[in-house]
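Visitor: with the input below, show me the fold.
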Amino acid sequence: MATKFFGTISLVLIILAAPAAVADPFATTIYDSSGLVEGYDATTTLGSPTTSVYDSWEAADMDISMVYGAWGTDNVALFAPGGYVIVQFDTPVVNNPLNPYGADFIIFGNSAFLGQAGWVQADTDMASYAIAEGGAAFGVDAMSVSVSANGDDWLTFTSPLAGGLWPTQAYSAWDAQAGAWDHNSPADFTLPMNPNLTPEQFGGLTAVEALALYGGSGGGMAFDIGQLGLDEISFIRVDGPGVIDAFAKVSPVPEPATAAILLLGAAGILIRRRNRK
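Guide: The predicted structure follows:
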């Protein structure tokens with residue numbers, strides 16, 4: 001009997017660990033847009049944030065990091081004054097109490113921390129490349145953000161604003177042997193940054209040292225729709241001028257007790273089914 005029970009538990013663990021079909025965490029549709037700078041396309045804001053760009057000056061692909069922001073007409077959307085984009089998600093963004101820090105969605109721009117030793121190059125060692133004192137950054141925009149459940153009725157955040165900190169960090173580990181970001185350790189674009197962080201905490205740290213402050217997050221500016229008294233939304237509007245790279249839902253973190261209940265409940269169902277046979 002014990003063998004059957006533990007065999008059942010193993011089966012349940014496999015079921016719970018198996019990848020499930022989930023909704024796309026990134027914006028999937030351009031609902032409307034206007035006022036883009038010539039050559040730029042609003043559809044570049046759909047899907048995952050940019051993880052690398054081809055830098056013609058370096059003649060190399062450059063990974064996006066906290067010290068090297070996304071750029072280029074193929075990767076980001078640049079809006080002139082008065083320009084805007086409205087994106088839609090395939091399923092609603094929900095005000096979920098299990099979301100880290102209470103945040104519900106994240107907007108990615110192209111800001112980046114300034115370095116103490118010039119611009120990042122293809123052979124820059126991120127383990128020694130230090131961020132400027134005070135956490136100074138460039139590419140910081142101040143773009144208004146509004147949200148809607150139906151695409152017609154809108155509420156606007158007074159704070160925060162899109163396009164500011166935090167810089168996108170595509171990978172959460174540095175491969176010292178290869179002298180490059182570890183592509184086997186992608187950052188989590190659905191995990192918001194700790195809202196208690198300040199730019200000053202990054203000043204003087206190397207990019208690799210600063211990874212600890214990111215805590216696996218892919219960066220971006222996080223928003224809580226609960227601040228506006230909303231339970232869910234499907235549309236996000238950003239008004240320029242400025243640069244937008246992507247939009248993402250925050251992934252909730254299941255409570256340990258909830259996971260245990262799911263495990264035991266599933267085990268009980270399987271045991272009863274076996275006993276009936």
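Visitor: what packs against the helix or strand containing residue 211?
Guide: Assigned by DSSP states H and E, residue 211 belongs to helix 207-214. Using 3 or more Cβ pairs under 8 Å, 6 or more residues apart in numbering; DSSP states H and E, the elements in contact with helix 207-214 are strand 174-175. The way it works is simple: take the backbone N, C-alpha and C, and place the C-beta from them, glycine included.
Visitor: what pairs with the strand it packs on, parallel or antiparallel?
Guide: Strand pairing for strand 174-175, using DSSP bridges, gives strand 180-181 (antiparallel).
Visitor: report the distance from the strand it pairs with to the chain centre.
Guide: Chain-centre distance of strand 180-181: 19 Å, with Cα atoms, centre = their mean, to the nearest Å.
Visitor: rewinding a little: neighbouring contacts of the helix holding residue 211?
Guide: With Cβ atoms under 8 Å, 6 or more residues apart in numbering as the test, helix 207-214 has contacts from 65-67, 113, 126-127, 129, 131, 166, 169, 172-174, 187, 193-194, 197, 201-202, 205.
Visitor: go again using 10 Å as the cut-off
Guide: Contacts to helix 207-214, defined as Cβ atoms under 10 Å, 6 or more residues apart in numbering, come from residues 65-68, 113, 115, 120, 124-131, 135, 166-167, 169, 171-174, 176, 181, 185, 187-188, 191, 193-194, 197, 201-205, 217.
Visitor: residues contacting the spatially most central residue of the chain?
Guide: In the chain, the residue lying closest to the centroid (Cα atoms, centre = their mean) is residue 189, at 2.6 Å. Applying Cβ under 10 Å, 6+ apart, we find residue 189 in contact with 25-26, 48-49, 51, 106, 108, 168-170, 217-220, 246-251.
Visitor: no further questions, thank you.
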